[in-house]
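Enquirer: Compute the structure for the input listed below.
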Amino acid sequence: MTSFLRSDRSRPVAIWLLVVAFLVLAMVVVGGATRLTGSGLSITEWKPVTGAVPPLSPADWEKAFAAYRTIPQYSQLNAGMSLAQFQTIYWWEWAHRLLGRLVGAAFLIPFVVFLFQREVPRRLIWRCAGLFVLGGLQGAIGWWMVASGLDHRISVAPERLAVHLGLAFALFAGLIWTSLDADAGGARQTLPSPWGRIALGLLGLIYLQILLGALVAGNDAGLVYNDWPLMNGRLFPQDYAGPGLWATLAHSQAAVQFHHRLGAYLVLVAAVACAVGAARSAYMAPAAKLLAVALAVAVVLQAALGIATLMTVVPLALGLLHQLMAALTLAIAVAFAWRVRRV
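Expert: Next up, the predicted model:
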C-alpha cells in the first residue's frame, strides 16, 4: 500500500531539476556568445521542430545565406561577408536554439516519467508544470526578440533582449529553488526575524541588476565610457538623456551603463552588509551564514569582473565570464533566500 503513496521529498527529482538548471545555464552562456559574436540574426526563420536540422547541402546553405542577405544587419554591417563567415555566425545561433530544444526535452521527458512513477512531490507538481510553461514561453520570447532585428535594425531591441535574458534567469532560479524544495521536503520553520524578507530583497536586487546588465548588452553600452570610476572623466555622463523617458531608460548607452553601475554599488553594499549581519545573527543557522558570506564574496568578484570587462572593452572571454558569474551569484542568492526560511 505504501508504494502507491507520493513522498513529500525526492532526491531523484531534485537532481533532475538541477541538471535542467545547468542546461539552462549553458543556454545562457551560448546565448551570450551568440550576442557578442553578432550571430543572433543569422537564422531569419523560426521553425520549432524542423529548424533543429541545419543546412545539409550547398543549396541549403545558399538558401539560408540568401535569407540573411535580405536583412539590414547584412547590408549595413556585414556586406560582402563570405559563405564561410556566415556559417560561423549561423552555427552559434543554431547551437543556442538547439540547447533550447534540449532543455525542453530534458525537462518534459523525465517529468512525465516521474509523474507516472509518482515520484514528484504533490506540492511541486503544478510548480514544475509552470516551469515547463515558462521554458516554452522562452522560445516564443526568443523569436519575438530576434524578429525585432529583421526589418529596420541591425541588432535586436534591447528591451526585448532584457525580457529574454530575464526570463532565462527566472527559470534558472525557479529550477534551483524547486530542486531544494524537492530534496528537503515540505516541512519548514521560518526564522523568528526579518531575515526571510532581507534575503528575498537581496535576491530581487541581484535579479534587477541582471536586467540592467541586459540593457547594457543590448545597447552595446559596454563599448563606450570605458574608464572607471568616472565616465569619460565625469561623475555623471554628459549624454545621459535620450529624446524621451523610454529612450533614456532603455536606449541611451550612457544611461543604461550609468544605471548598471549604480545597481552594482547598491548590490555590493547590500550583500556585504547582509553578510556582516548574518555572521552576527543569533538566529541564523551556520549553513545560512556561510551562504551569506559566499554571496558577498561572489558579488565582490562579479563587481571586479564587471570593471575589468568594461575597461578592456568587452572581450569575448571576459564578457562570457561576467555573464556566467552573474548566474553563479544568482544561484547563491537563491540558495541563501531558501535556506534562511528554514531553521
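Enquirer: show me where the stretch 151-300 of the chain has helices.
Expert: 158-184, 195-218, 245-246, 253-280, 286-311 (DSSP state H, counting those that start in this stretch).
Enquirer: now for the first one, which elements pack on it?
Expert: If I follow you right, that is helix 158-184. helix 11-36, helix 125-147, helix 195-218, helix 316-339 (3 or more Cβ pairs under 8 Å, 6 or more residues apart in numbering; DSSP states H and E). All C-beta atoms are positioned from the backbone trio N, CA, C, and that covers glycine.
Enquirer: For Ala52, which of these is the nearest?
Expert: Of all these, it is helix 125-147 that lies closest to Ala52, at 12.0 Å by Cβ to Cβ.
Enquirer: So which elements touch the closest one?
Expert: Counting by 3+ Cβ pairs under 8 Å, 6+ apart, helix 125-147 packs on helix 83-116, helix 158-184.
Enquirer: Show me the one of the helices and strands packed on helix 158-184 that comes nearest Asp183.
Expert: Closest among the helices and strands packed on helix 158-184, using Cβ to Cβ: helix 11-36, at 3.7 Å.
Enquirer: residue ranges with poor pLDDT in the stretch 1-150 of the chain?
Expert: Along the stretch 1-150 of the chain, segments meeting pLDDT under 70 span 1-6.
Enquirer: Just name the most buried of the helices and strands packed on helix 125-147.
Expert: Ranked by mean neighbour count, those are led by helix 158-184 with a mean of 21 (mean count of other Cβ atoms under 10 Å).
Enquirer: now it: mean pLDDT?
Expert: Across helix 158-184, pLDDT averages out at 96.
Enquirer: Can we start the residue count at 392 from this point?
Expert: Sounds good: first residue 392 from here, last item helix 549-575.
Enquirer: How far off centre is it?
Expert: Centroid separation for helix 549-575 versus its chain: 7 Å, with Cα atoms, centre = their mean, to the nearest Å.
Enquirer: Could you tell me the angle between the direction of it and that of helix 474-507?
Expert: 30 degrees (axes from the mean of the first three to the mean of the last three Cα atoms, to 10 degrees).
Enquirer: Surely Pro403 is in contact with Glu510?
Expert: Yes - using Cβ atoms under 8 Å, Pro403 makes contact with Glu510 at a distance of 6.1 Å.
Enquirer: the more surrounded of these two?
Expert: Per other Cβ atoms under 10 Å, whichever of Pro403 and Glu510 has more neighbours is Glu510, with 18 against 15.
Enquirer: and stretch 519-527, which residues are buried?
Expert: Buried residues in stretch 519-527, counted by 16 or more other Cβ atoms under 10 Å: 519, 522-523, 525-526.
Enquirer: er, stretch 707-715 actually
Expert: 709-715.
Enquirer: ok, so of the buried residues of stretch 519-527, who is nearest Leu599?
Expert: Leu525 (18.7 Å).
Enquirer: how close does the nearest residue in space to the closest one that is not next to it in sequence sit to Leu528?
Expert: Spatial nearest neighbour of Leu525, excluding adjacent residues (Cβ to Cβ, 6 or more residues apart in numbering): Leu562 at 5.2 Å. Counting by Cβ to Cβ, to the nearest Å, the gap from Leu562 to Leu528 is 9 Å.
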